[in-house]
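Chemist: Structure for this input, please:
(one chain, ligands or ions: 1)
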Amino acid sequence: MKLCISLDLPSAEENLALVKEIKDFDVWLKVGFRSYIRDGKSFLEDLKAINPNFKIFLDLKLYDIPNTMADAAEEISSFGLVDMFNVHASAGINAMQTVMDRIKNIPNRPLVLAVTALTSFDNASFLAVYNESISTKATQFAKDTFSSGVDGVVCSAFESLDIKKNTSNNFITLCPGIRPFGEDAGDQKRVADIPFAKENSVDFIVVGRPIYQDKNPKEVVKKILKNI
Ligand code: C5P
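Modeler: Numbers count the residues shown, from 1 in each chain. Model (predicted):
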(Lines give C-alpha, C1' and ligand atoms only; values in the text may rest on other atoms or scores of the structure.)
Protein backbone atom coordinates (compact mmCIF):
# COMPACT_ATOMS: atom_id res chain seq x y z
CA MET A 1 0.00 0.00 0.00
CA LYS A 2 1.25 3.49 -0.95
CA LEU A 3 0.58 6.82 0.71
CA CYS A 4 -0.59 9.67 -1.50
CA ILE A 5 -0.59 13.08 0.19
CA SER A 6 -3.09 15.74 -0.94
CA LEU A 7 -1.48 19.12 -1.44
CA ASP A 8 -4.59 21.20 -0.78
CA LEU A 9 -3.06 24.11 1.16
CA PRO A 10 -4.00 27.72 0.31
CA SER A 11 -0.70 28.71 -1.33
CA ALA A 12 2.15 27.17 -3.33
CA GLU A 13 4.58 28.32 -0.62
CA GLU A 14 2.71 26.37 2.06
CA ASN A 15 2.48 23.25 -0.10
CA LEU A 16 6.18 23.44 -0.97
CA ALA A 17 7.11 23.94 2.68
CA LEU A 18 5.14 20.80 3.56
CA VAL A 19 6.79 18.83 0.75
CA LYS A 20 10.27 19.98 1.83
CA GLU A 21 9.55 18.67 5.32
CA ILE A 22 8.74 15.21 3.99
CA LYS A 23 11.24 15.14 1.13
CA ASP A 24 12.98 11.95 2.26
CA PHE A 25 9.86 9.80 2.35
CA ASP A 26 8.71 7.42 -0.36
CA VAL A 27 5.31 9.00 -1.03
CA TRP A 28 3.06 10.14 -3.86
CA LEU A 29 1.91 13.76 -4.03
CA LYS A 30 -1.61 14.59 -5.14
CA VAL A 31 -2.02 17.88 -6.96
CA GLY A 32 -5.66 18.81 -7.30
CA PHE A 33 -7.81 21.61 -8.70
CA ARG A 34 -6.75 24.21 -6.18
CA SER A 35 -3.00 23.93 -6.68
CA TYR A 36 -3.06 23.19 -10.37
CA ILE A 37 -5.45 26.01 -11.29
CA ARG A 38 -3.42 28.46 -9.25
CA ASP A 39 0.16 27.25 -9.76
CA GLY A 40 0.10 25.25 -13.01
CA LYS A 41 2.80 23.11 -14.55
CA SER A 42 5.67 24.99 -12.91
CA PHE A 43 4.37 23.76 -9.54
CA LEU A 44 4.85 20.17 -10.74
CA GLU A 45 8.41 21.07 -11.73
CA ASP A 46 8.98 22.61 -8.29
CA LEU A 47 7.84 19.37 -6.63
CA LYS A 48 10.17 17.20 -8.74
CA ALA A 49 13.00 19.66 -8.03
CA ILE A 50 12.63 18.98 -4.29
CA ASN A 51 12.98 15.25 -4.89
CA PRO A 52 12.86 13.74 -8.39
CA ASN A 53 11.71 10.44 -6.87
CA PHE A 54 8.40 11.92 -5.75
CA LYS A 55 5.55 10.49 -7.80
CA ILE A 56 2.89 12.96 -8.89
CA PHE A 57 -0.81 12.21 -9.14
CA LEU A 58 -2.61 14.98 -11.04
CA ASP A 59 -6.16 14.85 -9.70
CA LEU A 60 -8.12 16.86 -12.27
CA LYS A 61 -10.93 14.30 -12.77
CA LEU A 62 -11.36 14.92 -16.49
CA TYR A 63 -14.96 14.89 -17.70
CA ASP A 64 -15.93 16.07 -21.19
CA ILE A 65 -16.60 14.70 -24.65
CA PRO A 66 -14.16 11.90 -25.64
CA ASN A 67 -11.97 13.93 -28.00
CA THR A 68 -11.57 16.81 -25.51
CA MET A 69 -10.67 14.36 -22.74
CA ALA A 70 -8.12 12.66 -24.99
CA ASP A 71 -6.59 16.04 -25.90
CA ALA A 72 -6.18 16.87 -22.21
CA ALA A 73 -4.80 13.39 -21.45
CA GLU A 74 -2.24 13.77 -24.23
CA GLU A 75 -1.10 17.16 -22.90
CA ILE A 76 -0.77 15.78 -19.35
CA SER A 77 1.13 12.71 -20.55
CA SER A 78 3.51 14.82 -22.64
CA PHE A 79 4.69 16.85 -19.61
CA GLY A 80 6.92 13.99 -18.50
CA LEU A 81 6.14 15.09 -14.92
CA VAL A 82 2.90 13.31 -14.12
CA ASP A 83 2.92 9.67 -12.98
CA MET A 84 -0.83 9.25 -12.66
CA PHE A 85 -3.98 11.23 -13.55
CA ASN A 86 -7.70 10.56 -13.49
CA VAL A 87 -10.96 10.87 -15.38
CA HIS A 88 -14.59 10.34 -14.38
CA ALA A 89 -15.94 6.86 -15.16
CA SER A 90 -19.34 8.45 -15.75
CA ALA A 91 -17.87 10.10 -18.88
CA GLY A 92 -18.45 6.64 -20.39
CA ILE A 93 -16.65 3.71 -21.97
CA ASN A 94 -16.10 5.49 -25.27
CA ALA A 95 -14.43 8.45 -23.54
CA MET A 96 -12.16 6.21 -21.46
CA GLN A 97 -11.18 4.10 -24.48
CA THR A 98 -10.44 7.23 -26.50
CA VAL A 99 -8.19 8.52 -23.71
CA MET A 100 -6.28 5.24 -23.44
CA ASP A 101 -5.96 4.93 -27.18
CA ARG A 102 -4.52 8.43 -27.47
CA ILE A 103 -1.81 7.96 -24.84
CA LYS A 104 -0.92 4.30 -25.32
CA ASN A 105 2.20 4.98 -27.39
CA ILE A 106 3.60 7.79 -25.25
CA PRO A 107 6.80 6.48 -23.59
CA ASN A 108 6.34 5.98 -19.82
CA ARG A 109 2.74 7.10 -20.04
CA PRO A 110 1.13 7.94 -16.70
CA LEU A 111 -1.21 5.50 -15.00
CA VAL A 112 -4.86 6.42 -15.52
CA LEU A 113 -7.59 5.99 -12.91
CA ALA A 114 -11.32 6.62 -13.17
CA VAL A 115 -13.45 8.06 -10.39
CA THR A 116 -16.41 5.80 -9.51
CA ALA A 117 -18.34 7.50 -6.69
CA LEU A 118 -16.99 10.58 -4.94
CA THR A 119 -16.36 9.79 -1.28
CA SER A 120 -18.32 12.88 -0.23
CA PHE A 121 -21.55 11.18 -1.43
CA ASP A 122 -23.65 9.34 1.12
CA ASN A 123 -26.15 6.77 -0.18
CA ALA A 124 -29.10 9.18 -0.29
CA SER A 125 -27.30 11.93 -2.19
CA PHE A 126 -25.75 9.40 -4.60
CA LEU A 127 -29.17 7.87 -5.28
CA ALA A 128 -30.55 11.32 -6.09
CA VAL A 129 -28.00 11.77 -8.88
CA TYR A 130 -27.48 8.25 -10.26
CA ASN A 131 -30.72 6.51 -9.24
CA GLU A 132 -28.76 3.52 -7.94
CA SER A 133 -26.96 2.56 -4.74
CA ILE A 134 -23.28 3.46 -4.40
CA SER A 135 -22.14 -0.16 -4.22
CA THR A 136 -24.06 -1.29 -7.32
CA LYS A 137 -23.06 1.70 -9.42
CA ALA A 138 -19.44 1.85 -8.25
CA THR A 139 -18.94 -1.80 -9.24
CA GLN A 140 -20.59 -1.17 -12.61
CA PHE A 141 -18.36 1.87 -13.21
CA ALA A 142 -15.32 -0.20 -12.21
CA LYS A 143 -16.21 -2.94 -14.71
CA ASP A 144 -16.64 -0.31 -17.46
CA THR A 145 -13.30 1.20 -16.46
CA PHE A 146 -11.55 -2.17 -16.52
CA SER A 147 -12.96 -3.11 -19.92
CA SER A 148 -11.85 0.29 -21.29
CA GLY A 149 -8.20 -0.49 -20.55
CA VAL A 150 -7.89 2.08 -17.73
CA ASP A 151 -5.45 1.06 -14.98
CA GLY A 152 -7.67 1.41 -11.92
CA VAL A 153 -10.27 3.39 -10.04
CA VAL A 154 -10.71 6.05 -7.41
CA CYS A 155 -13.22 4.61 -4.96
CA SER A 156 -13.90 4.41 -1.25
CA ALA A 157 -12.18 1.75 0.83
CA PHE A 158 -15.63 0.20 1.29
CA GLU A 159 -15.78 -0.77 -2.40
CA SER A 160 -12.15 -1.74 -2.99
CA LEU A 161 -12.44 -5.49 -2.40
CA ASP A 162 -15.66 -5.93 -4.35
CA ILE A 163 -14.18 -3.99 -7.27
CA LYS A 164 -11.09 -6.22 -7.34
CA LYS A 165 -13.29 -9.34 -7.22
CA ASN A 166 -15.25 -8.05 -10.21
CA THR A 167 -12.20 -6.98 -12.23
CA SER A 168 -8.71 -8.17 -11.32
CA ASN A 169 -6.41 -8.18 -8.29
CA ASN A 170 -4.00 -6.05 -10.31
CA PHE A 171 -6.64 -3.41 -11.00
CA ILE A 172 -5.54 -0.41 -8.91
CA THR A 173 -7.77 1.01 -6.18
CA LEU A 174 -6.95 4.46 -4.85
CA CYS A 175 -9.04 5.53 -1.87
CA PRO A 176 -9.55 9.02 -0.44
CA GLY A 177 -11.60 9.54 2.69
CA ILE A 178 -8.87 7.93 4.78
CA ARG A 179 -8.57 8.94 8.40
CA PRO A 180 -5.46 6.88 9.26
CA PHE A 181 -5.98 6.85 13.00
CA GLY A 182 -9.66 7.83 13.24
CA GLU A 183 -9.16 11.60 12.85
CA ASP A 184 -12.03 14.04 12.17
CA ALA A 185 -13.91 13.18 8.94
CA GLY A 186 -14.53 16.81 7.84
CA ASP A 187 -16.84 16.74 4.80
CA GLN A 188 -16.05 13.11 3.94
CA LYS A 189 -19.03 10.80 4.44
CA ARG A 190 -17.48 7.34 4.16
CA VAL A 191 -14.15 7.32 5.97
CA ALA A 192 -11.86 4.39 6.74
CA ASP A 193 -8.71 3.91 8.81
CA ILE A 194 -5.47 2.11 7.89
CA PRO A 195 -6.38 -1.38 9.18
CA PHE A 196 -9.63 -1.24 7.20
CA ALA A 197 -7.80 -0.11 4.05
CA LYS A 198 -5.34 -2.99 4.45
CA GLU A 199 -8.08 -5.57 4.94
CA ASN A 200 -9.73 -4.32 1.78
CA SER A 201 -6.60 -4.54 -0.42
CA VAL A 202 -6.46 -0.81 -1.08
CA ASP A 203 -3.40 0.04 -3.25
CA PHE A 204 -3.19 3.79 -2.53
CA ILE A 205 -4.55 5.69 0.46
CA VAL A 206 -5.08 9.42 -0.08
CA VAL A 207 -4.63 11.57 3.01
CA GLY A 208 -4.91 15.33 3.15
CA ARG A 209 -6.15 17.19 6.20
CA PRO A 210 -4.97 14.64 8.82
CA ILE A 211 -1.43 15.42 7.57
CA TYR A 212 -1.37 19.09 6.59
CA GLN A 213 -3.59 20.30 9.43
CA ASP A 214 -1.44 18.58 12.04
CA LYS A 215 1.18 20.58 13.97
CA ASN A 216 3.79 18.02 13.00
CA PRO A 217 3.06 16.65 9.49
CA LYS A 218 6.40 14.85 9.28
CA GLU A 219 5.58 12.74 12.33
CA VAL A 220 2.13 11.88 10.98
CA VAL A 221 3.64 10.77 7.65
CA LYS A 222 6.26 8.71 9.46
CA LYS A 223 3.59 7.05 11.59
CA ILE A 224 1.40 6.30 8.57
CA LEU A 225 4.31 4.77 6.63
CA LYS A 226 5.19 2.63 9.63
CA ASN A 227 1.63 1.33 9.78
CA ILE A 228 1.13 0.57 6.11
O1 C5P B 1 -8.37 16.18 3.44
P2 C5P B 1 -8.80 14.85 2.89
O3 C5P B 1 -7.95 13.70 3.39
O4 C5P B 1 -10.28 14.60 3.07
O5 C5P B 1 -8.53 14.99 1.33
C6 C5P B 1 -9.00 14.06 0.38
C7 C5P B 1 -8.53 14.48 -0.97
O8 C5P B 1 -8.98 13.51 -1.92
C9 C5P B 1 -9.05 15.83 -1.45
O10 C5P B 1 -8.01 16.42 -2.22
C11 C5P B 1 -10.22 15.48 -2.36
O12 C5P B 1 -10.40 16.39 -3.41
C13 C5P B 1 -9.77 14.14 -2.93
N14 C5P B 1 -10.83 13.23 -3.40
C15 C5P B 1 -11.84 12.82 -2.58
N16 C5P B 1 -12.79 11.95 -3.06
C17 C5P B 1 -12.72 11.50 -4.32
C18 C5P B 1 -11.68 11.92 -5.15
C19 C5P B 1 -10.73 12.80 -4.65
O20 C5P B 1 -11.88 13.19 -1.41
N21 C5P B 1 -13.59 10.61 -4.75
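
Chemist: buried ones in stretch 13-28?
Modeler: Asn15, Leu16, Leu18, Val19, Ile22, Phe25, Val27, Trp28 (16 or more other C-beta atoms under 10 Å). In short, each C-beta sits where N, CA and C put it, glycine included.

Chemist: mind checking the end-to-end distance for it?
Modeler: The first and final residues of stretch 13-28 sit 19 Å from each other (C-alpha to C-alpha, to the nearest Å).

Chemist: check contacts around Val99.
Modeler: Contacts for Val99 (C-beta atoms under 8 Å, 6 or more residues apart in numbering) come out as Leu62, Pro66, Met69, Ala70, Ala73, Val87, Val112, Val150.

Chemist: Top of those residues by number of neighbours, please.
Modeler: Highest neighbour count within those: Val87, with 27 neighbours (other C-beta atoms under 10 Å).

Chemist: Correct me if wrong: it contacts Asn94.
Modeler: No: judged on C-beta atoms under 8 Å, Val87 makes no contact with Asn94 at a distance of 12.0 Å.

Chemist: List the residues that contact the residue of the chain found nearest the ligand.
Modeler: For the chain, the residue closest to the ligand is Gly208, as judged by C-beta to the nearest ligand atom, at 2.7 Å. Contacts were defined as C-beta under 8 Å, 6+ apart; by that measure Gly208 touches Ile5, Ser6, Asp8, Lys30, Pro176.

Chemist: Wait, Ser90 touches Phe141, no?
Modeler: Yes: applying C-beta under 8 Å, one finds Ser90 in contact with Phe141, separated by 6.8 Å.

Chemist: Compare the two and say which is more crowded by neighbours.
Modeler: Using other C-beta under 10 Å, the more surrounded residue of Ser90 and Phe141 is Phe141, with 22 against 16.

Chemist: List the residues that contact that one.
Modeler: Ala89, Ser90, Ala114, Thr116, Ala117, Val153.

Chemist: State the pLDDT value of the second one.
Modeler: Read it as Ser90. We have a pLDDT of 95 for Ser90.

Chemist: got the phi/psi numbers for it?
Modeler: Dihedral pair for Ser90: phi -70, psi -10, per degrees, to the nearest 10.

Chemist: before we move on, back to that, let me have the contacts of Gly208 in a markdown table, extended by distance to the ligand and secondary structure.
Modeler: Listed next are these as a markdown table, based on distance: C-beta to the nearest ligand atom, whole Å; DSSP: H, G, I helix; E, B strand; the rest coil:
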| residue | distance to the ligand | secondary structure |
| --- | --- | --- |
| Ile5 | 9 | strand |
| Ser6 | 4 | strand |
| Asp8 | 5 | coil |
| Lys30 | 6 | strand |
| Pro176 | 3 | coil |
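
Chemist: In the residues you listed, which residue is surrounded by the most others?
Modeler: Of all the contacts of Gly208, Ile5 has the most neighbours under the rule other C-beta under 10 Å, reaching 27 neighbours.

Chemist: Please go through this structure and pick out the longest strand.
Modeler: Using DSSP state E to define each element, the chain has its longest strand at strand 55-62.

Chemist: for the protein, what spans make up the helices?
Modeler: 12-21, 33-50, 66-78, 93-103, 123-130, 134-147, 160-166, 194-199, 209-212, 217-227 (DSSP state H).

Chemist: starting at the chain centroid, how far to the first one?
Modeler: This means helix 12-21. The chain centre lies 20 Å from the centre of helix 12-21; the measure is C-alpha atoms, centre = their mean, to the nearest Å.
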